[in-house]
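In: from the sequence below, what's the structure:
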Amino acid sequence: MPKELFSEAQAFSCYPSSHEIDKWASDLLKKSQNMKTEVSILPNSPIRIEFGNNPCTLQNKFIQFKTEEKRRTFYGYWQPSISSPAPLLINLPGYGGFINLHPQLADMGYHILHISPQGYVSPSGPDTSKTAPDGNWPVLHNTITGKPGGYEDWLTDCLLAIRWAVLQPDVLPDRLSVFGTSQGGGTALLLASILGSAVRCVCADIPFLTNFPSSRLKGNAYGILSPYRQSVPEDIFWNRLGYIDTLSHAHRLHIPVMLSGGGQDEVCPPDTVESLFTKLSCTKQYTRLEHGVHTHSRESMVLFGAWLRLFA
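Out: Sure, this is the predicted structure:
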């Protein structure tokens, strides 16, 4: 028989304290700083379709990262700015794992590194051998069950890739910002929390991983968790989620934060985003696109561009 959900108050009572979040973030950063990584710029230029980003096919490259830990391989996609030196933007993927091109931002004068942690997407496309039985990527399931390949490993991959990117000779190392949509937005906030003052600003579009208790584990994103609750004690379940809930990191975000929500978004409902906005005490902006659904939109691209011009 399915377990009844904890009330929101019960769930939040299991969340880690602010001090525990501080330690978690600090430990994750130290772990990444002590890890060795082999980095290779791959020779292929994969985007050549007729309606694609053809003018940049000779510049954009896949970057291969191999970590010493469990010999894990993952990839990034490098979009250099047409002029250098330039600020650096880090783009994080949604839960579908896609690598998205943002030529509009590159043309505004930014280097962009798109990261696909855990090797979910390679130059050959998505590695479906890594998916869970339900067809989703296992990072959320592995987080709540305490298995390797959860968000600690996912974020560590990002930190390793960022370490490489800021050392590139054409990059302004003190001009780093992070952005993304859905899971990309949520993890952009988590990375900004972990990296602290090294980040200039963050853009989180319709962010996932935000206020798990109020979601009631409904919808195509938060609902992924529901089947796995049966095997994890309730207090442990919510405690593990608490470490990756952006609400838990609000006290650590002192940089400018841009948030957006979609009024018709049933995947990451706007009230979850609004609860984070209320909790933040930094320079912040929240835009509710009343007819917005759960997708990256032209409106969010304009919002990204404006926020980055102000602060990146």
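In: just the strands from the stretch 201-312 of the chain, written as ranges.
Out: 257-262, 284-289 (DSSP state E, counting those that start in this stretch).
In: nearest to residue 128, out of these?
Out: strand 257-262 (28.4 Å; Cβ to Cβ). Yep, even glycine has a C-beta here, placed from its N, CA and C like the rest.
In: mind listing the strands the closest one pairs with, and their directions?
Out: strand 199-205 (parallel), strand 284-289 (parallel) (DSSP bridges).
In: check those strands for me and report the most buried one.
Out: Comparing the strands paired with strand 257-262 by mean neighbour count (mean count of other Cβ atoms under 10 Å), strand 199-205 ranks first with a mean of 27.
In: from residue 247, how far off is residue 273?
Out: Going from residue 273 to residue 247 by Cβ to Cβ, to the nearest Å gives 11 Å.
In: out of those two, which sits in the busier spot?
Out: residue 273 (28 against 22; other Cβ atoms under 10 Å).
In: and stretch 129-142, end to end?
Out: Length of stretch 129-142, first residue to last, Cα to Cα, to the nearest Å: 16 Å.
In: could you do stretch 207-223 as well?
Out: Span of stretch 207-223 from end to end, Cα to Cα: 15 Å.
In: ok, now stretch 102-117?
Out: OK, stretch 102-117 end separation, Cα to Cα: 18 Å.
In: then stretch 103-122?
Out: Stretch 103-122 stretches 20 Å from its first residue to its last (Cα to Cα).
In: in it, what's buried?
Out: 105-106, 108, 110-122 (16 or more other Cβ atoms under 10 Å).
In: rewinding a little: turn the strands paired with strand 257-262 into JSON lines, including mean pLDDT and distance to residue 229.
Out: Shown next, in JSON lines, are the strands paired with strand 257-262 (pLDDT from 0 to 100; distance: least, Cβ to Cβ, whole Å):
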{"stretch": "strand 199-205", "mean pLDDT": "98", "distance to residue 229": "26"}
{"stretch": "strand 284-289", "mean pLDDT": "97", "distance to residue 229": "30"}
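In: format these as TSV; extra columns: distance to residue 159.
Out: Compiled in TSV, those are given as follows (distance: least, Cβ to Cβ, whole Å):
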stretch	distance to residue 159
strand 199-205	12
strand 284-289	24
